[in-house]
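A.B. asks: sequence plus the predicted model coming up.
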Amino acid sequence: MLADRMTWKEYQQAIKRATIVLPVGSLEQHGPHLPLGTDVVIPLIIATRVAERLKAMVLPPIAYGYKSQPTSGGGQMFPGTTSLEGDTLVHLALDILRETYRHGGRRFLIIIGHYENTAFVGEAVDVFLRDSPEAKVVILAWWDLISPKLVEELWAGVGFPGWDTEHASIAETSLMLYLAPELVRADKILDDQAARKPNYQIFPPPKDIIPRSGVLYKATFASREKGEKLAREAVDAIVEIALRELK
């Protein structure tokens, strides 16, 4: 299931019949309570659970992402946030897809774990398909698959601020409490938010649109139980999409 744990012979036998799953994350601050690799941990574990049900192959994740944005990740000001230029991410994803296609892979499922990555991964896929006529690719972000009903349930009483503002907050903290609790600094979970959230971009970003903690909303309302519900709904939805779109 995990490509990097296979021998080349095992990989050769599996590649032509398997759906290939590629998680794409980032190395980015997630407040004082979550690790820098949160955007890799979540899609990678989701990918392995999806792969178990699909008998798919999971490639090693892309562990760096496009630049953190001030109102969706805190921006580039935090130590540890290590980002790629957009064209670097495009070429990295493109090279991985082309190499895997050369080996015989034809069905690709890309799971996005970092909000800012989607457009650049989409560009990579668009270029990839120009010379890979037999390939089929689905790109999805796990948060886009969470139903309005579950959002209403899990954010009851606090209000849902939008997925961009959910950085290091209820969703990611809950998922980490469920998927990788040993990585959560539970005693450091806090609520925070920026003084304002403009609906336009400002360069360089002013300090009042970036919370000092790096937490963009109410992380103390997270729980393991919420994380389990989020993970189950995301995995179920991804499996259904893959079975329908990657026949």
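C.D. replies: Good, I have the coordinates.
A.B. asks: give the other helices and strands that the longest helix seen in the chain contacts.
C.D. replies: Among the elements of type helix in the chain, defined by DSSP state H, the one spanning the most residues is helix 224-245. With contacts defined as 3 or more Cβ pairs under 8 Å, 6 or more residues apart in numbering; DSSP states H and E, helix 224-245 has these neighbours: helix 38-54, strand 107-112, strand 136-141, helix 148-154, helix 170-179. All C-beta atoms are positioned from the backbone trio N, CA, C, and that covers glycine.
A.B. asks: list the buried residues in the longest one.
C.D. replies: Using 16 or more other Cβ atoms under 10 Å as the burial criterion, the residues of helix 38-54 that qualify are 38-51, 54.
A.B. asks: ok, so of these, who is nearest Q13?
C.D. replies: Closest approach to Q13 among the buried residues of helix 38-54 (Cβ to Cβ): A51, at 16.0 Å.
A.B. asks: check contacts around the residue nearest the centre of the chain.
C.D. replies: The structure's the chain has its C-alpha centroid closest to G113; by Cα atoms, centre = their mean the separation is 0.5 Å. Shown here is G113, whose contacts under the criterion Cβ atoms under 8 Å, 6 or more residues apart in numbering are P23, V24, G25, S26, D39, V40, I42, P43, L44, P61, A141, W142.
A.B. asks: I'd say the fourth one and Y64 touch.
C.D. replies: Yep, that's S26 we're talking about. Yes. In this structure, S26 sits in contact with Y64. The criterion is Cβ atoms under 8 Å, and the distance is 6.2 Å.
A.B. asks: quick check, pLDDT for the spatially closest residue to K229 that is not a sequence neighbour.
C.D. replies: The shortest distance from K229 to any residue that is not its chain neighbour, by Cβ to Cβ, 6 or more residues apart in numbering, is 6.3 Å, and that residue is L150. Looking at L150, its pLDDT stands at 98.
A.B. asks: now the one 4 residues further on
C.D. replies: What the model reports for L154 is a pLDDT of 98.
A.B. asks: and it, how far is that from L230?
C.D. replies: Relative to L230, L154 is positioned 7 Å away (Cβ to Cβ, to the nearest Å).
A.B. asks: circling back to that earlier point, most widely separated two among the buried residues of helix 38-54?
C.D. replies: Applying Cβ to Cβ across the buried residues of helix 38-54, the maximum distance is between T38 and L54, 24.4 Å.
A.B. asks: now do the shared contacts for S26 and Y64.
C.D. replies: The contact sets of S26 and Y64 overlap at S83 (Cβ under 8 Å, 6+ apart).
A.B. asks: neighbour count: the two, which is higher?
C.D. replies: In terms of neighbours (other Cβ atoms under 10 Å), S26 is the more surrounded of S26 and Y64; the figures are 30 against 20.
A.B. asks: returning to that earlier point: which one's more surrounded, L154 and L230?
C.D. replies: With neighbours defined as other Cβ under 10 Å, L154 and L230 compare such that L230 has more, 26 against 21.
A.B. asks: what's the closest non-adjacent residue to the more buried one?
C.D. replies: Nearest residue to L230 in three dimensions, chain neighbours excluded: L175, at 5.6 Å (Cβ to Cβ, 6+ apart).
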